[in-house]
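**Q** Sequence first, predicted coordinates after that:
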Amino acid sequence: MEDTRLEQYVTKVMLEMGVPAHLKGYHYLRSSIIMATEDMEVVGSVTKLLYPEIAKEFKTTEQKVERAIRNAIEVSWLRGNTETFEELFGYSALTGTGRPTNSEYIAQIADKICLDMRREKMEVV
């Protein structure tokens, strides 16, 4: 999938999840998900690979990136579409389960996007 279409698709999924676009974490999260779709290894080491890369891209600190992403996930968890959370994670805020961690959230959305991209390729063939 070309870069622009990938970014548009990630944006669509994030908005479905209820991540407000006005939060700094929204932009960090979108970049993180795109990075994870290109290399899932970053999800296994968010503090050593992902946060430093995002911090460099946005000229901020790794701590601010982690906190902003956590906040964006928390807001989407509390205010977002519970059906979408149920579909992606198998649970939502309504079930009383704790919200997914930053790496779980990023990995799950990135995996969904990778699967959707493969499905799209197969339909084209």
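**A** In hand now; what should we look at?
**Q** Run through the protein and note the low-pLDDT ranges.
**A** Under the criterion pLDDT under 70, the flagged ranges of the chain are 1, 123-125.
**Q** And the strands in it, which stretches?
**A** Taking DSSP state E as the criterion, the chain carries no strands.
**Q** give me every residue that touches the spatially most central residue of it.
**A** In the chain, the residue lying closest to the centroid (CA atoms, centre = their mean) is residue 106, at 3.8 Å. By CB atoms under 8 Å, 6 or more residues apart in numbering, the contact set of residue 106 is 29, 32-33, 36, 43, 46, 50, 69. Yep, even glycine has a C-beta here, placed from its N, CA and C like the rest.
**Q** Could you rerun that using 7 Å?
**A** Neighbouring residues of residue 106 by CB atoms under 7 Å, 6 or more residues apart in numbering: 32-33, 36, 43.
**Q** from memory residue 11 sits against residue 29, does it?
**A** No - using CB atoms under 7 Å, residue 11 is not in contact with residue 29, being 10.4 Å away.
**Q** the more surrounded of these two?
**A** The neighbour count for residue 11 versus residue 29, taken as other CB atoms under 10 Å, is higher for residue 29 (28 against 16).
**Q** list the contacts for that one?
**A** 14, 19, 69, 72.
**Q** and the second one, how many neighbours does it have?
**A** Each residue near residue 19 was counted by other CB under 10 Å, and the total is 24.
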